[in-house]
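Trainee: quick one, structure for this:
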Amino acid sequence: NDIFVPNIFSPNIDGQNDVLKVYGMGIDWINIRIFDRWGELIYESQSTEDAMNVGWNGTKKGKEMSPQVYVYYLEGAFLDGEEIFLQGNITLVK
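Mentor: Just a heads-up that it's a prediction; the model follows:
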């Protein structure tokens with residue numbers, strides 16, 4: 001069982017670290033929610049597929065978000081039934 005959420009990304013369309021994705025092995029399901037510093041929900045995965053393969057591109061409703069620190073809460077489970085509860089910070093840089 002392994003899971004990793006990067007703590008920094010740069011959605012500046014240079015082809016490197018443009019999308020924030022969750023990485024891991026042995027994951028059954030996950031849901032990640034990302035909030036700005038005022039507690040407003042900015043992004044929420046709709047499925048494990050979204051969180052791990054599509055990811056967050058640094059926008060909300062098509063509008064680019066400003067460079068700042070965001071907070072995430074992740075919950076889910078591994079294939080063996082072990083539950084996952086993580087929280088942390090993500091820095092968006094341009």
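Trainee: which parts of this structure are helices?
Mentor: 48-49 (DSSP state H).
Trainee: just the pLDDT for residue 14.
Mentor: Here, the pLDDT recorded for residue 14 equals 88.
Trainee: what about it, distance to residue 93?
Mentor: Using C-beta to C-beta, to the nearest Å, residue 14 is found at 12 Å from residue 93. Bear in mind the C-beta positions are built from the backbone N, C-alpha and C, glycine included.
Trainee: which residue of these two possesses the greater neighbour count?
Mentor: Taking other C-beta atoms under 10 Å, residue 14 and residue 93 do not tie; residue 93 has more neighbours (12 against 8).
Trainee: which residues sit in contact with that one?
Mentor: By C-beta atoms under 8 Å, 6 or more residues apart in numbering, the residues touching residue 93 are 8, 9, 10, 67.
Trainee: one more time with 10 Å, if that's ok
Mentor: 8, 9, 10, 11, 12, 17, 58, 67, 68 (C-beta atoms under 10 Å, 6 or more residues apart in numbering).
Trainee: check what pLDDT the residue located most distally from the centre of the chain gets.
Mentor: Residue farthest from the centre of the chain, counting by C-alpha atoms, centre = their mean, is residue 80 at 22.6 Å. In this model, residue 80 is scored at 97, pLDDT.
Trainee: surely it and residue 25 touch.
Mentor: No. Applying C-beta atoms under 10 Å, one finds residue 80 not in contact with residue 25, separated by 11.5 Å.
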